[in-house]
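Student: Return atomic coordinates for the entry below.
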Amino acid sequence: MKVQKDVVTDDWNSQAIALMVLGGTIFTISFLGCCGAIGESKCMLYTFGSILMVIFILQTIIAILLLTSKDKISKHLNEEVFGKAIAENKENEVVINIQTNLKCCGIVGPGDWKNATISCNHSQPEAGGEAGNRYTEGCGEKIEELVSKYSNNVAAGAMVTAAMEVIGALLAFYVARKLHSGNIV
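Tutor: Numbers count the residues shown, from 1 in each chain. Just a heads-up that it's a prediction; the model follows:
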């Protein structure tokens, strides 16, 4: 993403950099664990285990926040994203994607818009479809269902990953403790 500048926009550029930083961080943490175990370094193993515990705590906090703020996320999408677009009677890229993918129109229905928008159509007029064939269901409830469904999945995935991190940290602490006492097999 970073190398192909003709394809990538500024939004993708910052995401590419973030992914590279994340990859480097994961590599460094993994390096501590692997080299600590191979080289029998207590310091590296304790550092590895401590970092995993910090990540576990952060992931748990994020999962809890995600589960407790589903309503806020839905409200933000409905009021901020759709509300501003409807007030200006101007679709933005996010609204177009939501309406097209969820097959809906406006927050409550197509009546939210002063002028009907193209993304509210079942078939796009430029593709030869009829302009009057509009979605009648609003996006508000669909967004709430989607956020509720996927926030539970993301939180469950985060907690499973967090459990694996706790196991990794405990094993790192165990090996470091055994190295310290000289009872390593």
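Student: so what's Val175 closest to, chain neighbours aside?
Tutor: Sequence neighbours aside, Leu45 is the residue nearest to Val175 in space, at 5.7 Å (criterion: C-beta to C-beta, 6 or more residues apart in numbering). To be clear about C-beta, it is placed using only N, CA and C from the backbone, and glycine gets the same treatment.
Student: meant to ask about Met159, not that
Tutor: Once flanking residues are discounted, Met159 sits nearest to Ala63: 5.5 Å by C-beta to C-beta, 6+ apart.
Student: list the contacts for the one you found?
Tutor: Going by C-beta atoms under 8 Å, 6 or more residues apart in numbering, Ala63 touches Val154, Ala155, Ala158, Met159, Ala162.
Student: residues near Trp113, how many?
Tutor: When neighbours are counted by other C-beta atoms under 10 Å, Trp113 registers 19.
Student: coming back round to it: please identify the helix or strand for the residue nearest to Val175.
Tutor: Here Leu45, judged by DSSP states H and E, is contained in helix 42-68.
Student: list the buried ones in that helix?
Tutor: Residues of helix 42-68 classed as buried by neighbour count (16 or more other C-beta atoms under 10 Å): 44-49, 51-53, 55-56, 59-60, 63, 66-67.
Student: quick one, what contacts the residue most central in space within the chain?
Tutor: The residue lying closest to the centre of the chain (C-alpha atoms, centre = their mean) is Val154, at 7.9 Å. For Val154, the contact set (C-beta under 8 Å, 6+ apart) comprises Ala63, Leu66.
Student: 7 Å instead?
Tutor: By C-beta atoms under 7 Å, 6 or more residues apart in numbering, the contact set of Val154 is Leu66.
Student: quick one: it from Val21, how far?
Tutor: Distance, Val154 to Val21, by C-beta to C-beta, to the nearest Å: 21 Å.
Student: what's the answer for Tyr174, then?
Tutor: 31 Å.
Student: Could you pick out the longest helix of this structure?
Tutor: Ordering each helix of the chain by length in residues (DSSP state H) puts helix 139-181 first.
Student: Report the angle between that one and helix 42-68.
Tutor: Going by axes from the mean of the first three to the mean of the last three C-alpha atoms, to 10 degrees, helix 139-181 is angled at 160 degrees with respect to helix 42-68.
Student: Beyond the helix or strand of the chain with the lowest mean pLDDT, next helix or strand please.
Tutor: Sorting the helices and strands of the chain by mean pLDDT, DSSP states H and E puts helix 83-88 at the bottom, at a mean of 77. Downstream of helix 83-88, the first helix or strand assigned by DSSP H and E is helix 93-102.
Student: That'll do, ta.
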